[in-house]
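Asks: all I have is the shape, not the residue letters:
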C-alpha cells in the first residue's frame, strides 16, 4: 500500500517532467537547447520520450503488480465483511461504542421485537436475530455493505487500465528491441530500402503509425516514430488517397478535413472506398484509420524569375514541383532552388492594430535558395499582393535559420496591381546608362528657379547626384549613409541626410518617369498614390541588398496537389481500458456515496430494556446526524416520547 | 406489515413528488419533444439521446433540489424572450433596447459579472455585520447572476447560428465560454450547499474564486475581444464536447469551492472570524462533499475525454500535457480522499491540501494552455 503510493508519486513527477520538456522533438533541437553533455545525459535517462522509457514502463508494471497483490490480499477480507452481520458481538463491547443509547420499552417482548424489525426494514437495514445465552435477543443489522465492493472495483479498474495501456503502449516493441529483433532506422531512405530488422509485420499486436499520401498515390506501410528514428509498420492492406478536401467557413477558417480513400485488400476482390474526416475514423480489420494532418503533395508552381539588381526589366519563366530541387540561373552564378511547401489558404490578421478579423490572403510558396558556397536562405512568397496599411505589396519573407522569424521584403504593387511597375522602375534605377539622363532632368527641375546658377555649381551638383545614384545602386540607403558619413562632418549629418534623401527621391521620380517611357506607358498621373509608391519602391530596392539572393521568384500560377496525413492504430487494449473505466466509475461512486452502517439492538425481556448501538466504518457528520435521527425515532417507537 | 408504528417512514422518491414536480418534468419533456420535432432532422443519434437524457437529468435534479425548477423556468423564459426579440436578425443586438442593455448574450454576461461582484461584497458585509438580511440579498444576487449567466450562454448559442448555420455550436468551446460556465457551475454548487447546510457565511469566500474568473472574463473581453463567436475547428466538431466539457467543469468548480471552504477552515482554525463562520466540523464536511462530487465528475470527464481522444486523435491516451495534468489532478484528489476515508485523516492538513489542490487544478485548467503546448490548443491565451 505504502509502496503503491510511492510508485504513484514517482509516476506523477515523471509525468510532470514529460509535460514540461517537449517530447519527441527532433534530437537536434535538444542538442541546441541543452548542449552536448546534458543532451546525452537526458537521452540516457530517456527524458525525450518519458512515457515510453523503460523505467517508466517498469514503474507501471510495478504499480500493476502491487495493486494486484493488494486486491489478492484484501478482497477476501472485504467480501467477508460485506457478508458478515457481526452477530457475535457482546453486550459489553456494545456499551463501549461512542454511538449508543438505552431505552425502556413498556411493551411485550414480541411487540418490541416486531417494532424493531419493522424499524430496521423501513430504513433499508438487513438484519439477523440471535438468541443470547441470557435469553435476550440481539438484532444485528447492516446497510450499505456494497461500499466495500467499491474498494475491489476501483483497484481492479486500475489494474485493468494499466494492463490495457501497457499492451497498447510499446511494451511488446520494447521487448523486441531488448531482445535484438528490432532495430530503429535513423537514415532518411526510401520505405522499400528499410532493412527487415526495422520493419514490423502486419501481425504486430499494437501500433500507432503515420503515413502521408499524396493525391493519387497509395502505400501499404506506415511509419512509426521512435526516439530519433523510425520503424516501418507493414499493413495487411494498402491504402490509396483519391482526393483530399478542406472546407472553409465564410471567415476562411478550416471547417473540415476529409480524405476519400480506397482500401485495397488482397483478401477482398473489390477495393473498399470510404471518406474519413476528423472525429470520424474508419476502422477496418481492427485498424483504425484517422485523418490526422495534411500538406502539400507535390504541387506544380509557375514562377517568373526576376533579377532584382539587374538593369533590364524582363523575367525568366520557371516551373517546378514542391519537394524537388532545381538550378536557376539569372544571377552571377547558378543557384539551387528547393521548393518546400505550397499553401493554398493563409489566414492572416493584417489589420493595423491587430484587432481586426483574420482573413485568407491567398496562396504562398516556401522554398530555399542555396548559392554555390552552400549558403541557404529560406523564403516564403505570396502569390497575391497583400493589403498593408491601406496599400498593396508583394510580400516575400526571408530567414537564414529555421528558428528565426521571417523578415519581409515589401514590393509595392503598381496601379494595375502587378509587380511589373516596380520591376521596370527598379531596372531604370539600377541602369547606369540612364544616370546622365536622370541627372540632367533632375538638375533642370531643381535649378530651374535659379537662373543665375553658374556652370561650375551646376556640374558640382550633377557630379554629386551621379555619385549618389551610383552609391544607391551599389548598396541602397545603407551605402548612401556611408557616403554621408565619409563626406559630411558629424554635426551636419542629420541635415545632409534629409537633403540627400530628397535628392534621391526626386531622381527616383525621374527614373520612374523614364521607366514608364521605356515600357510605353503614359506618364504617371500625379496623385496621392504616386509618392508612396515611389518611396516604397526605393525602400524595397534598398532592402534587396539584404535579401540574401539576387533573384525574386514571383509565383504566378499553380497546379495544386495535396497530400493527406493518416494515422493508423491498432489498440487491442482499448476494450480493457474502457471496461476498467466503467469499473472505476462504479467503484468511485460506491466508495463515496454508499455508506456502510451497522446497528445492533439488544432486547432484554427481563428488564424491558433495549440497547441501541450504531457504528460506521467512516464516521462523519452524516453518520452523527443519522444516529441522532434513529435515536429519536426509536425513542418514539419504544417509549412513545420525545427525547 | 400489520400496523405502521411509525409516522415518518421515508417514502420513495416518486411518492414524494408533488404536482409541481410532475408539471416541471412534463414541461421539460414538452420542450424536448418540440425541439425534436423542429430540429430532429439536424441531430444525430447521440444528440437525440442527449436531448432526452437532459429531460431525465434535469427532472431528477429538480426533484432532488427544488430551487432548480424555478431557476430552469426563469432561464428558459428569459432566453426565449431574448430570442424572440432578436427576430432572426443579428443586427437586433444594437437596435432593440432590451437586447442592447439587458439580455443579448454579451449584455447578459456583463450583468452576470456585475451581479457576482455585488454578491461578493454583500456576502462579506453580511459576514461582518452578522446581518441575516444582507445574507439573503447576497443569495438573491448570486441566483440572479446564475440566471443571467445561463441566459447569456443560451442566447450566445442561438446567436452563433445567426452568424451562419454551420458556425452554430454550443458555447463551451473556448476559454471565454468555459470561464462563464465555470462561474455558473461553481455558483450553483455553492448555492446547493448554502441551502443544504443553511449557512450563508461562506459566500464571500466562494465568490472570491468566482470573481477571479469574472476578472479574467473582463480582461479577456476588453483586451482580447474574446466574446466574438468563432467557428469550431474540425477536432471540436463532436457530440463528445457536450458532455466532456460540462463534466470537467463540475470537477473544476467543486474543487475550487472546496479550496475556498478550506481557506475558511484555516482561518476559523486560527480563531479568525471563527465566531462568524460555521463550525469546523461543518466546514470539514462541506469540503469533503465538494471534493467527492468533483472527483466523481472529474473521473467521468477524463474517461469521456479519453473516449473522445480515441475518436479524434487516434488514441485514448497520448500523454498530451492536458491529459497528463488531468491525471495529476486526479491523483492529487484521489490521495486526498484516500487519506481521509481510509486513514481517517482530518484537520488543517486537508484544508491546506484542498487549497494547494486549487493551484494544481488552476494549472491544469489554465497553466497548461499558457505555458505548455499540445493537442488541447483550443483555449490558447
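Replies: Cool, got the structure. Here the structure is a predicted model, which means the values were calculated and not measured.

Asks: report the buried residues of the lengthiest helix in chain A.
Replies: In chain A, with assignment by DSSP state H, the single longest helix is helix A:455-487. Neighbour counts over helix A:455-487 (16 or more other CB atoms under 10 Å in any protein chain shown) mark A:461-462, A:465-466, A:468-469, A:471-473, A:476-477, A:479-480, A:483-484 as buried. C-beta here means a position set from N, CA and C on the backbone, and glycine is covered the same way.

Asks: from these, which is closest to chain B?
Replies: residue A:477 (37.6 Å; CB to the nearest CB).

Asks: circling back: near chain B, which of the buried residues of helix A:455-487 show up?
Replies: Here nothing survives when the buried residues of helix A:455-487 are matched to chain B using CB under 8 Å from any CB of the partner chain.

Asks: residue contacts, the residue in the stretch 101-250 of chain B that chain A sits nearest to?
Replies: Ranked by CB to the nearest CB, the top residue of the stretch 101-250 of chain B for proximity to chain A is residue B:234, at 4.0 Å. Residues near residue B:234 by CB atoms under 8 Å, 6 or more residues apart in numbering or on different chains: A:254, A:255, A:256, A:257, A:277, A:278, A:279.

Asks: find the nearest non-adjacent residue to it, please.
Replies: Distance criterion CB to CB, 6 or more residues apart in numbering or on different chains; nearest residue to residue B:234, sequence neighbours excluded, is residue A:278 at 4.0 Å.

Asks: number of nearby residues for the one you found?
Replies: Residues lying near residue A:278 (other CB atoms under 10 Å in any protein chain shown) number 22.

Asks: okay, and for the chain, where does confidence drop off?
Replies: No chain in the question, so chain A it is. The model of chain A has pLDDT under 70 over residues A:1, A:330-332, A:354-355, A:449-453, A:641-643.

Asks: oops, wrong one, chain B.
Replies: Scanning chain B for pLDDT under 70 picks out B:1-8, B:374-375, B:377-381.

Asks: quick revisit: can I get the contacts of residue B:234 in a markdown table with secondary structure and distance to residue A:312?
Replies: Rendered in a markdown table, the data for those read as follows (DSSP: H, G, I helix; E, B strand; the rest coil; distance: CB to CB, whole Å):
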| residue | secondary structure | distance to residue A:312 |
| --- | --- | --- |
| A:254 | strand | 43 |
| A:255 | strand | 47 |
| A:256 | strand | 48 |
| A:257 | strand | 45 |
| A:277 | strand | 51 |
| A:278 | coil | 50 |
| A:279 | coil | 55 |
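
Asks: now, the most widely separated pair of the residues you listed?
Replies: Maximum pairwise distance in these, criterion CB to CB, is 13.5 Å, between A:254 and A:279.

Asks: surely residue A:566 touches residue A:239?
Replies: Yes: counting by CB atoms under 8 Å, residue A:239 is a contact partner of residue A:566 at 6.9 Å.

Asks: okay, and the common contacts of those two?
Replies: A:211, A:213, A:261, A:289.

Asks: can I get those in a markdown table including neighbour count and distance to chain B?
Replies: As requested, these are exported to a markdown table (neighbours: other CB atoms under 10 Å in any protein chain shown; distance: CB to the nearest CB, whole Å):
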| residue | neighbour count | distance to chain B |
| --- | --- | --- |
| A:211 | 23 | 12 |
| A:213 | 21 | 16 |
| A:261 | 25 | 15 |
| A:289 | 23 | 9 |
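
Asks: just the closest of those residues to residue A:84, please.
Replies: Among the shared contacts of residue A:566 and residue A:239, and counting by CB to CB, the member closest to residue A:84 is residue A:289, at 53.4 Å.

Asks: which residue packs closest to the closest one, ignoring adjacent ones?
Replies: Using CB to CB, 6+ apart, the closest residue to residue A:289 is residue A:282 (4.7 Å).

Asks: on the three-state scheme, residue B:178 is what?
Replies: Following DSSP: H, G, I helix; E, B strand; the rest coil, residue B:178 is assigned to helix.

Asks: element containing the residue lying closest to it once chain neighbours are set aside?
Replies: Closest residue to residue B:178 apart from its sequence neighbours, by CB to CB, 6+ apart: residue B:172 at 5.7 Å. In the assignment (DSSP states H and E), residue B:172 maps to no helix and no strand.

Asks: and residue B:248, what does it touch?
Replies: Residue B:248 touches B:297, B:298, B:301, B:302, B:305, counting by CB under 8 Å, 6+ apart.

Asks: wait, a strand at residue A:239?
Replies: Yes: Residue A:239: assigned to a strand according to three-state DSSP.

Asks: and stretch A:337-346, how far from the chain's centre?
Replies: 21 Å (CA atoms, centre = their mean, to the nearest Å).

Asks: could you do stretch A:377-387 as well?
Replies: With CA atoms, centre = their mean, you get 25 Å for stretch A:377-387.

Asks: list the buried residues in that stretch.
Replies: A:377, A:378, A:379, A:380, A:381, A:382, A:383, A:384, A:385, A:386.

Asks: for the residues you listed, could you give me CSV that also reports distance to residue A:47 and secondary structure?
Replies: Compiled in CSV, the buried residues of stretch A:377-387 are given as follows (distance: CB to CB, whole Å; DSSP: H, G, I helix; E, B strand; the rest coil):
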residue, distance to residue A:47, secondary structure
A:377, 34, strand
A:378, 30, strand
A:379, 35, strand
A:380, 33, strand
A:381, 39, strand
A:382, 40, strand
A:383, 43, coil
A:384, 45, coil
A:385, 47, coil
A:386, 42, strand
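
Asks: looking at those residues, which one is closest to residue A:180?
Replies: Distances from residue A:180 to these, taken by CB to CB, are shortest for residue A:378, at 40.9 Å.

Asks: quick check: beta-bridge partners of the closest one?
Replies: residue A:368, residue A:399 (DSSP bridges).

Asks: any idea how far it is from residue B:120?
Replies: 53 Å (CB to CB, to the nearest Å).

Asks: same check on residue A:348?
Replies: 42 Å.

Asks: between the two, which one's more packed in?
Replies: residue B:120 (22 against 15).

Asks: please state the backbone phi and psi of residue A:292?
Replies: phi -110, psi -40 (degrees, to the nearest 10).

Asks: may I ask you to confirm that it is in contact with residue B:315?
Replies: No: using CB under 8 Å as the test, residue A:292 is too far from residue B:315 to be in contact (10.7 Å).

Asks: so who does residue 321 touch?
Replies: Because you didn't say which chain, this covers chain A. A:298, A:299, A:300, A:301, A:339.

Asks: my bad, the chain I had in mind was chain B
Replies: Here residue B:321 is in contact with A:19, B:368, B:372, B:373, B:374, B:376 (CB under 8 Å, 6+ apart).

Asks: for the last one, which non-adjacent residue is closest in space?
Replies: Meaning residue B:376. residue B:322 (3.7 Å).
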